[in-house]
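1. fold the following.
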Amino acid sequence: VLHAATAVLLYRVGVRVLGSATAALAAALLFAVHPLHVEAVTYVAGRSDPLAALCLLVAVLGFLRGDARGRGLSVAAYVCALLAREAAFVLPLLLVVLDRVPPGRVRRPPSSYLPYVGALGLYVVLRSLVPTPTPVAFAETVPLGFRLLTMAEVIVRYLGLVVAPIGLHMERVVAPVTSVVDPRALAAVAVVAMLVISLIRARSTRAWPVALGGAWFFVALLPVAHLVPLATFMAEHWLYVPLMGLCLAAGWSIDAIPPPGGRRAMAVGVAVVVAVYGGITMRQSARWRDGRTLYEYLVPLAPESARVRVNLAQVYQEAGELERARGLYLDVVRLRPNDVATAEALNNLGNIERASGAAAAALAHFERALVLKPRHVVARNGRALALQDLGRVDEAEAELHAALALDPEAATTRSNLGNLSFRRGDLARAREHYLAAVRLDPDHADAHNNLGSVYFRLGDRAGAEAEYRTALRLNPASEGARRNLAIVLGE
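-> Reported below is the predicted structural model:
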């Protein structure tokens, strides 16, 4: 729905800017069906892109309207776009493009942009007041000059995907440029420079809409141009707003330069392109229907990606296909033996080994995970359980308390401490830990079930029954809770 609404608004912007309903319709159709948008539209974490884009286009239409009501709507929509996605900060620059590139128009005074600058400033101040963790960016160690050279190569790749959207996937790894004489980087810079020169020349001709669309593309890429280092150099969903500019340029070109055969041939050509792109989009969307389908598709396309392998391994692990999961986790460990992200693979390997009864092997995996990521609370819980399996109960308790010190809000750590106290016969301490666990996570079915067992041991059959019923409501497949409830009811 968001994507469809965004395409409709792009059509309206196209009518206002290009002055042609036909050009605007062609642009909107190309935008609506383009396969590059599958990630942004289908991936839940990518929904901020169409939401921010929708608000941006509302802001653009309000700006183009020109009256006081339009300006108020435009600024309000800009604030909403910023709240949806920080990359929306480029709107004032996009408005400058829309105002300055078309020839023969009355230019708005610079004061027209002040409300947007004010809204952006307010957002920056409010944003600075909200503490958020800052993850280590992949490109932090790459100097700015090399990042920009790498971005020239990325832009060329983006343009290639716009024309031929083949082999699309969410896990693109781009090796940063490390030399100013890198042939690929120099070739990419030459291509980008020629494009920019062509756009500048087009601005003073009847092909100014091409210059406008190209300027929109480059300006909208600024948030991901690695002026500030980011987690990756390239992502398809980052093209959601930039592609609008290219679609506007393509729509004008289709309308202004009809092929031999006139407008009927043009309509057939557009229909063919829309059908081809639409077919690719439908096929690509089907790959996102579930985790197994998506990650099995991605592994051969991104063989160097540890994250994809870990995600697919987790799918296999949850499905009980432990050998397939183990193989993928071991691949990750071989690919990235000293990577912090590998700690997750090692933690999951520990869980698989422990489930198969190999407590010593599990312990080794958990300990290696903690070397890579000492604050990995889940791995500390896993290490504690493996120690408990090996009879090293005091060490297990110490590990659980260490995990609790790292994250006092971890319900699973409290539940595991409750289990340890229960096995020792310390029902009062076990009850304390289980109550803390269900307070922290009211949906923790195992903690409710175990709390019921504490109440049963203490002679509180009503309390036990209530906890067992809660555990079954949260996890109807829990045979332990079902069996315990039957005992309480005397069945």
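2. tell me how far His169 lies from Tyr43.
-> 11 Å (Cβ to Cβ, to the nearest Å). Every C-beta, even on glycine, is put in place using the N, C-alpha and C of the backbone.
3. who has more neighbours, the two?
-> For His169 versus Tyr43, neighbours defined as other Cβ atoms under 10 Å are more numerous around His169 (19 against 15).
4. and the more buried one, what is it in contact with?
-> Glu236, Tyr297, Leu298, Leu301, Ala302 (Cβ atoms under 8 Å, 6 or more residues apart in numbering).
5. which of those lies closest to Ser453?
-> Leu298 (43.1 Å; Cβ to Cβ).
6. for the closest one, phi and psi?
-> phi -80, psi -30 (degrees, to the nearest 10).
7. low-confidence regions, the stretch 351-491 of the chain specifically.
-> 491 (pLDDT under 70).
8. can you map out the helices along it?
-> Taking DSSP state H, counting those that start in this stretch to define them, one finds helices in the stretch 351-491 of the chain at 359-372, 377-389, 393-406, 411-424, 427-440, 445-457, 461-474, 479-489.
9. quick check: longest helix in the chain by residues?
-> helix 262-286 (DSSP state H).
10. buried set for that helix?
-> Residues of helix 262-286 classed as buried: Met266, Val270, Val273, Val274, Tyr277, Ile280, Thr281, Gln284 (neighbour count, 16 or more other Cβ atoms under 10 Å).
11. any regions of this protein where pLDDT drops low?
-> For the chain (pLDDT under 70), the answer is 45-46, 131-140, 258-262, 491.
12. which parts of it are strands?
-> Counting by DSSP state E, the chain yields no residue ranges for strands.
13. mind listing what the nearest residue to Asp339 once chain neighbours are set aside touches?
-> Leaving aside its chain neighbours, Asp339 sits nearest to Ala306 (6.5 Å; criterion: Cβ to Cβ, 6 or more residues apart in numbering). Neighbour list for Ala306: Val332, Leu335, Arg336, Asp339, Ala341, Thr342, Ala345 [criterion: Cβ under 8 Å, 6+ apart].
14. quick one on the thing from earlier: can you lay out the helices of the stretch 351-491 of the chain as JSON lines showing distance to Gly14 and mean neighbour count?
-> Formatted as JSON lines, those follow (distance: least, Cβ to Cβ, whole Å; neighbours: other Cβ atoms under 10 Å):
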{"stretch": "helix 359-372", "distance to Gly14": "51", "mean neighbour count": "20"}
{"stretch": "helix 377-389", "distance to Gly14": "50", "mean neighbour count": "24"}
{"stretch": "helix 393-406", "distance to Gly14": "53", "mean neighbour count": "17"}
{"stretch": "helix 411-424", "distance to Gly14": "52", "mean neighbour count": "22"}
{"stretch": "helix 427-440", "distance to Gly14": "52", "mean neighbour count": "19"}
{"stretch": "helix 445-457", "distance to Gly14": "53", "mean neighbour count": "23"}
{"stretch": "helix 461-474", "distance to Gly14": "51", "mean neighbour count": "19"}
{"stretch": "helix 479-489", "distance to Gly14": "59", "mean neighbour count": "16"}
